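> below are the sequence and a predicted model for it; my questions follow.
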Amino acid sequence: MVKFQFAHLMTVCSALLYIPSPQPKSFKQYEQPHFRFCSLGFRDHHRQTETPPSSRLFTTHNHPQRNAPNEIDFKTQAQAAATGLLVGVAVICFKASISLVQTTLYASSSIPIFAVPIIGGVAVSALSQFFNNGEQFNSTLNFAGSPNHKQILAKIFGAIATLGTTNSLGPEGPVVELGASISQLFCKEVNAKDSYLLLSAGSAAGISAGFNSPLAGCFFAIEIINNKPNSPNIATSRGLTVILIASIIATLVTQIGLKESLTLELLTGVDVLQNANVLFELPLYCGLGILSGIVSHAFNKLVSVLKISGFDKIPTRARPIVGATVVALISSFFPQVLFFGYSTLNSLIAAGNSLNPSLLLEILVAKIFATATCVSCGLVGGMFAPAIFIGSILGTLFHSGLVTVFTSNDVGADVGYALSGAAAVLASLFQAPLTATILLFELTKEYEFILPTLASSSVASITSTLLLSKEKEREY
């Protein structure tokens with residue numbers, strides 16, 4: 001049984017008693033709310049840029065005092081609490097369903113192991129035909145007005161089919177969409193800005209419940225959801241209070257309801273900075289960030305190539321089946337690419353440099369290609385878990401290279417580089433270094449790990465951005 005986080009409960013109580021700061025009286029510019037972000041993990045390279053959300057946290061506004069009573073804020077906070085509760089229950093059902101499908105299919109002696117991923121492709125194809133007008137499921141969540149709950153529900157079942165048959169994606173992307181959809185139940189009674197805030201809170205609750213990381217969910221809302229053109233600013237004291245309430249309650253519910261095998265815990269209790277000299281190794285972690293940014297950019301390019309030059313030439317209904325078949329072929333040689341919860345990831349991190357570097361490199365290439373194939377063909381899932389998987393292997397390989405240059409006593413443990421690489425790849429794919437750093441901190445419980453992780457994540461994010469800008473310059 002997962003231990004009850006008393007500190008989280010105290011944070012909720014503090015947030016409920018908090019009186020938010022004044023806000024503007026009018027939000028007419030937000031009469032048509034638009035909520036859009038990448039649920040599968042790879043970035044929308046054509047989005048507009050704006051002031052980074054982190055800078056908004058320190059911007060001073062001279063807003064007039066609100067005339068509305070404080071009861072309105074308590075109502076919004078109560079809606080956020082209800083959203084968090086429902087999202088937590090939904091995530092429990094979602095992950096339990098994935099586990100049930102996996103257990104049923106792999107326990108059946110009448111189903112060949114090779115055919116299991118293909119069954120998922122067939123199921124996703126059927127769902128898209130009946131519930132999505134025969135079109136491939138979108139990789140983005142787009143709320144303009146009222147969402148189509150029927151299509152969202154079909155997409156959730158598509159994610160259960162994809163992940164239950166162990167295709168190479170993760171569950172955290174769909175739970176973001178599930179959380180945003182649940183929050184829509186409370187958006188009819190509020191104005192446009194509060195509707196956007198509740199959508200953000202629901203999405204953050206999905207990440208928090210999916211990863212057992214309430215702070216990462218909050219930063220996810222600030223860095224990714226809030227970083228959209230013409231969107232209301234949710235990075236205010238009132239907005240953060242609402243998001244934290246939803247995130248913490250969703251986390252508490254999943255901690256109570258989920259088995260430990262269905263939650264991600266990365267080597268809790270392991271000294272990830274054993275024998276490390278942080279000042280000496282900080283440039284090395286920055287080098288890992290550069291490498292992670294390059295790998296993330298290459299992954300995005302591979303997804304684009306597979307979409308344009310590969311799956312676009314295949315009939316829409318056949319794409320998930322073809323993609324799942326490719327994954328099945330890859331898994332015949334490298335079964336590590338399949339999604340069996342988080343046990344494979346933890347075992348690879350624990351093994352570290354004891355594995356042959358050439359084998360790790362082969363697994364890395366296989367995982368990148370299998371994941372890009374799943375994303376391109378229309379299978380349903382998220383990129384958080386695959387990004388952590390790819391980054392951890394990349395970090396271990398990077399450490400292996402360092403050991404050949406320096407002695408093993410000059411550099412820290414391979415686990416530290418594996419986890420730092422996981423955060424760096426995640427940060428560069430999402431352009432969210434703070435989210436990635438806080439997420440890895442909450443998963444490892446290692447405070448000393450924050451500095452090297454933040455360095456590698458920031459450098460990785462900058463590297464991928466520079467590579468993307470150079471590519472656009474060549475196109476024009």
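Received the coordinates, thanks.

> going forward, measure contacts between C-alpha atoms and count neighbours the same way
Noted.

> tell me the spacing between P357 and V365.
12 Å (C-alpha to C-alpha, to the nearest Å).

> any idea how far the spatially most central residue of the chain is from P335?
Centroid-nearest residue in the chain: F384, 3.6 Å away (criterion: C-alpha atoms, centre = their mean). From F384 across to P335, the span is 19 Å (C-alpha to C-alpha).

> try A201
Counting by C-alpha to C-alpha - A201 and P335 are separated by 36 Å.

> please say which of those two ends up with more neighbours.
A201 (34 against 18; other C-alpha atoms under 10 Å).

> quick one: neighbours of A96, just the number.
A96: 18 neighbours (other C-alpha under 10 Å).

> and it, how close does it get to G421?
Counting by C-alpha to C-alpha - A96 and G421 are separated by 29 Å.

> quick one: the helices in the stretch 201-350 of the chain?
214-220, 237-257, 278-305, 319-333, 343-351 (DSSP state H, counting those that start in this stretch).

> for D73, which of the ones you listed is the nearest?
Among the helices of the stretch 201-350 of the chain, helix 237-257 comes nearest to D73, with 8.1 Å by C-alpha to C-alpha.

> buried stuff in the closest one?
238-257 (16 or more other C-alpha atoms under 10 Å).

> tell me what it is packed against?
Applying 3 or more C-alpha pairs under 8 Å, 6 or more residues apart in numbering; DSSP states H and E, one finds that helix 237-257 contacts helix 6-16, helix 71-107, helix 192-211, helix 214-220.

> can you redo those as JSON lines with mean pLDDT and distance to I388?
What follows is the helices and strands packed on helix 237-257, written out as JSON lines (pLDDT from 0 to 100; distance: least, C-alpha to C-alpha, whole Å):
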{"stretch": "helix 6-16", "mean pLDDT": "48", "distance to I388": "25"}
{"stretch": "helix 71-107", "mean pLDDT": "90", "distance to I388": "18"}
{"stretch": "helix 192-211", "mean pLDDT": "89", "distance to I388": "12"}
{"stretch": "helix 214-220", "mean pLDDT": "92", "distance to I388": "14"}
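
> tell me which of these sits most buried.
helix 192-211 (a mean of 30; mean count of other C-alpha atoms under 10 Å).

> give me the pLDDT for N226.
With respect to pLDDT, N226 scores 77.

> do the same with I160
Value for I160, per-residue pLDDT: 95.

> wait, doesn't it sit right on F94?
Yes: between I160 and F94 there is a contact under C-alpha atoms under 8 Å: 7.2 Å.

> quick one: low-confidence parts of this protein?
1-72, 139-148, 229, 259-278, 352-353, 407-409, 476 (pLDDT under 70).

> so L434 sits against F219, correct?
Yes: if you go by C-alpha under 8 Å, L434 and F219 touch, sitting 6.8 Å apart.

> distance from stretch 213-225 to the middle of the chain?
Taking C-alpha atoms, centre = their mean, to the nearest Å, one finds the center of stretch 213-225 at 10 Å from the center of the full chain.

> and it, how far apart are its ends?
End-to-end distance (C-alpha to C-alpha), stretch 213-225: 17 Å.

> stretch 136-151 too?
End-to-end for stretch 136-151, by C-alpha to C-alpha: 11 Å.

> thinking again about what came up before, looking at the helices and strands packed on helix 237-257, spot the one closest to S331.
helix 71-107 (14.3 Å).

> that closest one relative to helix 237-257, how many degrees between them?
30 degrees (axes from the mean of the first three to the mean of the last three C-alpha atoms, to 10 degrees).

> helix 71-107 packs against which elements?
Helix 71-107 packs on helix 149-164, helix 172-183, helix 192-211, helix 237-257, going by 3+ C-alpha pairs under 8 Å, 6+ apart.

> from G416, how far off is F334?
F334 is 25 Å from G416, by C-alpha to C-alpha.

> coming back round to it: can you lay out the helices of the stretch 201-350 of the chain as TSV showing distance to C374?
Below are the helices of the stretch 201-350 of the chain laid out as TSV (distance: least, C-alpha to C-alpha, whole Å):
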stretch	distance to C374
helix 214-220	24
helix 237-257	27
helix 278-305	9
helix 319-333	6
helix 343-351	19
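
> select, out of these, the one closest to L85.
helix 237-257 (5.4 Å).

> related to what we said a few turns ago, what is in contact with I160 and F94 at once?
Residues touching both I160 and F94 (C-alpha atoms under 8 Å, 6 or more residues apart in numbering): none.

> before we move on, back to that, which one of P357 and V365 is surrounded by more residues?
P357 (17 against 12).

> quick one: that one and H399 touch, right?
No: here P357 lies out of contact with H399, judged by C-alpha under 8 Å, at a distance of 10.1 Å.

> wait, L282 sits on P452?
Yes: with contact defined as C-alpha under 8 Å, L282 counts as touching P452 (6.0 Å).

> of those two, which one has the most company?
Between L282 and P452, counted using other C-alpha under 10 Å, P452 has the larger neighbour count: 24 against 16.

> list the buried residues for whichever strand or helix holds the more buried one?
Using DSSP states H and E, P452 sits in helix 450-475. Buried residues in helix 450-475, counted by 16+ other C-alpha under 10 Å: 451-465.

> just give the number of residues close to A422.
A422: 31 neighbours (other C-alpha under 10 Å).

> please name the nearest non-neighbouring residue to V101.
Using C-alpha to C-alpha, 6 or more residues apart in numbering and skipping the chain neighbours, the partner closest in space to V101 is G164 (5.0 Å).

> and the one you found, how far is that from A209?
19 Å.

> could you do F334 as well?
From F334 to A209 the distance is 30 Å (C-alpha to C-alpha).

> likewise for L426?
Distance from L426 to A209, by C-alpha to C-alpha: 18 Å.

> just E442 next, same as before
13 Å.

> now do S343
18 Å.

> do I234 as well
Relative to A209, and taking C-alpha to C-alpha, I234 is found at 20 Å.

> what of A460?
26 Å.

> likewise for F333?
F333 is 33 Å from A209, by C-alpha to C-alpha.

> if we can go back for a sec, and which of the buried residues of helix 450-475 is nearest I224?
When those are compared against I224 (criterion: C-alpha to C-alpha), the nearest one is S461, at 13.1 Å.
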